[in-house]
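Student: Provided below are the primary sequence and the corresponding predicted coordinates.
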Amino acid sequence: MGKRIVVTGVGIISPIGNTASESWENAVAGRSGVRRMTIVDPEEFSSQIAGEVKDFDPLDYFDRKLAKRTDRYTQFSMIASREAYGDSGLEGNISPERLGVIIGSGIGGITTLEKEHKVALERGVRRISPFFCPMMISNIAAGRVGIDIGAKGLNFATVTACASSGHAIAIATDMIRLGRADAILAGGSEAPMTLTGVGGFCALKALSTRNDDPETASRPFDRDRDGFVIAEGGAVVMLEKLEYALKRGAHIYAEVIGSGMTCDAFHITAPSDGAEGSARAMKLAMEDAGIEPEQVDYINAHGTSTVLNDINETIAIKTALGEEKARRSMVSSTKSVTGHMLGAAGAVEAIFTSLALEKGIVPPTATLMNPDEGCDLDYVPGRAREAELTYALSNSLGFGGHNVTIALKKYTGK
Amino acid sequence: MSLENRVAEIIIDKLGVKPEQVTAEAQFDTDLGADSIDQYELIMGFEDAFGLRIDEDEATKLTTVGKVVDYLKEKGLD
């Protein structure tokens, strides 16, 4: 170990912007990207609102053939990867064999799966497209990014539901530390807006039914929160060795200094009692980073706006930092404006956390009006806050009891 | 629309090639950039459009645009 890993490129396509800078601006301004659902007819769903990517035409990014042969989730990964890679300036400065890709997705190509399943039922199994399997599988985004960028190093997907891209960044950091690659595009994407995608989460009673007020429906830590808002998009970071970045004078957004990964081993969807698992992930991340709870200035929470997550994550933060320190730390959930981008959420939030460190601005929990009983931390409600930050954590938790925390540090040139 | 034009239309749609590339002599792999999966999909496109089943042995012989047109004519289409 001992190698230092930095973020030198960022890429986002999200409900609040089709680039990283636009998304960041809107996160800081607290402008919600949640509207009435349009990708599928929402009439029959209990939750009829979503964070959809706006003004999106695949033909703005891909030729017609490629656009037809890639699932929407894969397209989001490719777009975010191109942005992060371009932003990093690594092109031409690294041998393709040393450039890796780790892109996660909670679900994969569910749009493709549904379409071809319908074909099979209506027209017979012999009419299933030969592109079905290679479009649907949840690792194909990573594979496609490899082809698109020409990255020939390690390449795979992390699949841990809403923690998928958090794991991608954690594992990518470790892979570079271990010398398995010199640089890795790490992140995730999701495009879950289909009949079964939305219907399944509705059946779980996981989604907000505040259909008459989409823009404040995602209300992390609020007493009136009633579920998460399903969202889509992609987010990718360029991670590389510090020495590499310095050698070519790359812009450094932040330093990834550690991660913690745990499992609740308790329930398929509910957090464990006292949120022991996520508290332990935060502790492990701080340990890996060599920092003390006292040094943590900001936590970008998983903060989904479900009843169970937000209270339990609050308890976990108190357990990990100590109650008194937890109360003095800023904790915010940018899902208040993005909705829950599932497999892309961890990477979007790691990018927002990196930008918060770099710019000294904490994005708000924009929609929080009345903190719930027990949700008694400083959630930076309503408006962004300027603050000198040095260390931050970014939490991602997924169905299956998967917990991952990324520890980040402001890069100061030292 | 002539048989040739209907075939060309399917090829242009599936492979995203320009109309002028779709000549009778054009090879699907080398001239039109179709990999093996593209070619499976093309065959399915012809099957759907012309309401017939092309078995695998025959399909492998349909390597150019002209061969597809001839094959369909042999099957009584025009």
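Tutor: Received the coordinates, thanks.

Student: contacts and neighbour counts: CA atoms only from here.
Tutor: Fine.

Student: so which strand or helix has A:P42?
Tutor: Element membership for A:P42, per DSSP states H and E: none, as it lies in no helix or strand.

Student: and the pLDDT at the spatially closest residue to it that is not a sequence neighbour?
Tutor: Residue nearest to A:P42 in three dimensions, not counting chain neighbours: A:Q48, with 4.9 Å by CA to CA, 6 or more residues apart in numbering or on different chains. Listed pLDDT for A:Q48 reads 98.

Student: residue boundaries of the helices in the stretch 1-150 of chain A?
Tutor: Along the stretch 1-150 of chain A, the segments classed as helices by DSSP state H, counting those that start in this stretch run A:20-29, A:64-68, A:72-88, A:110-123, A:132-136, A:140-149.

Student: return the most buried member of those.
Tutor: helix A:72-88 (a mean of 26; mean count of other CA atoms under 10 Å in any protein chain shown).

Student: which strands and helices lie in contact with that helix?
Tutor: Counting contacts by 3 or more CA pairs under 8 Å, 6 or more residues apart in numbering or on different chains; DSSP states H and E, helix A:72-88 is packed against strand A:5-13, helix A:140-149, strand A:183-190, strand A:233-241.

Student: just want the angle from that helix to helix A:110-123.
Tutor: 150 degrees (axes from the mean of the first three to the mean of the last three CA atoms, to 10 degrees).

Student: strands along the chain, start to end?
Tutor: Since you didn't name a chain, this refers to chain A. A:5-13, A:34-36, A:49-51, A:99-104, A:155-156, A:183-190, A:233-241, A:254-263, A:296-300, A:330-332, A:361-362, A:385-386, A:391-398, A:402-409 (DSSP state E).

Student: who wins for proximity to A:G86 among the helices and strands packed on helix A:72-88?
Tutor: strand A:5-13 (7.4 Å; CA to CA).

Student: so for that closest one, what's the average pLDDT?
Tutor: Rounded mean pLDDT across strand A:5-13 is 98.

Student: who are the packing partners of it?
Tutor: By 3+ CA pairs under 8 Å, 6+ apart, strand A:5-13 packs against helix A:20-29, helix A:72-88, helix A:164-177, strand A:233-241, helix A:242-247, strand A:254-263, helix A:345-359.

Student: let's see that with 6 Å instead.
Tutor: If you count contacts as 3 or more CA pairs under 6 Å, 6 or more residues apart in numbering or on different chains; DSSP states H and E, strand A:5-13 packs onto helix A:72-88, strand A:233-241, strand A:254-263.

Student: which of the helices and strands packed on helix A:72-88 sits most buried?
Tutor: For the helices and strands packed on helix A:72-88, the highest mean count by mean count of other CA under 10 Å goes to strand A:183-190, at a mean of 36.

Student: in its sheet, which strands sit next to that strand, and in what direction?
Tutor: Strand A:183-190 pairs in its sheet with strand A:99-104 (parallel), strand A:233-241 (antiparallel), by DSSP bridges.

Student: re earlier: distance of the residue nearest to A:P42 from A:H402?
Tutor: As defined by CA to CA, to the nearest Å, A:Q48 lies at a distance of 28 Å from A:H402.

Student: with A:F132 instead?
Tutor: From A:F132 across to A:H402, the span is 29 Å (CA to CA).

Student: next one: A:T38
Tutor: For A:T38, the distance to A:H402 equals 31 Å [CA to CA].

Student: please apply the same query to A:N18.
Tutor: From A:N18 to A:H402 the distance is 28 Å (CA to CA).

Student: neighbour count winner among these two?
Tutor: Higher neighbour count among A:N18 and A:H402: A:H402, with 25 against 21, using other CA atoms under 10 Å in any protein chain shown.

Student: ok, that one - contacts?
Tutor: A:C263 (CA atoms under 6 Å, 6 or more residues apart in numbering or on different chains).

Student: rank the helices of the stretch 1-150 of chain A by mean pLDDT and give me the bottom one.
Tutor: helix A:64-68 (a mean of 93).

Student: that helix and chain B in contact?
Tutor: Yes. For helix A:64-68 and chain B, the contact criterion (CA under 6 Å from any CA of the partner chain) is met by A:K65.

Student: just stretch A:134-152 next, same as before
Tutor: No. Against chain B, stretch A:134-152 shows no contacts by CA under 6 Å from any CA, the least distance being 10.0 Å.
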